[in-house]
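**Q** What follows is a predicted protein model with its sequence.
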Amino acid sequence: ELPGTMAAPAATSSALPAEDAMLEPSALPELEAEVMSSNAASEAVLRAVLKQYAFSPKVVKMEVVHRALVKAMTLLPDETFMQCMYLIPDTRHEDGTV
């Protein structure tokens, strides 16, 4: 590395799809597994899972939603937690499941 240059950002799990591909329904099982793992999930993964759930409410797994929110909370004061909360439908907020 040359003086005055920045190092390349650390790569996330090479098995994860690119950010655009994360919104494909076929990527959901892999994203859910990443959220449920003991590893820290990237902000993009957390948001992608919740976006997929917003568009396909029949496939929502509440344990994944809860884990995503906990992981997002660990990133505070970053705005990821609030972004995740906005991706969850109001009905989930009102019925006490979130």
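**A** On my side now, so go ahead. This structure is a prediction, so every number in the text was calculated from the model and none was measured.
**Q** Which strands or helices does the helix or strand hosting V35 pack on?
**A** Assigned by DSSP states H and E, V35 falls within helix 28-36. Counting contacts by 3 or more Cβ pairs under 8 Å, 6 or more residues apart in numbering; DSSP states H and E, helix 28-36 is packed against helix 43-55, helix 62-73. For glycine as for every other residue, the C-beta is placed from the backbone atoms N, C-alpha and C.
**Q** residues making contact with the longest one?
**A** When contacts are defined by Cβ atoms under 8 Å, 6 or more residues apart in numbering, helix 43-55 is touched by residues 16, 19, 22-23, 25, 27-28, 31-32, 34-35, 59-60, 64-65, 68, 71-72, 75, 78, 80, 83-84, 87-89.
**Q** List buried residues within those residues.
**A** Neighbour-count burial (16 or more other Cβ atoms under 10 Å) applied to the contacts of helix 43-55 gives 16, 22, 27-28, 31-32, 34-35, 60, 64-65, 68, 71-72, 75, 80, 84, 87-88.
**Q** For the chain, give me the ranges with low pLDDT.
**A** For the chain, the stretches with pLDDT under 70 are 1-17, 96-98.
**Q** Find the residue at the geometric middle of the chain.
**A** Centroid-nearest residue in the chain, with Cα atoms, centre = their mean: L46, separated by 0.6 Å.
**Q** This completes my enquiry, with thanks.
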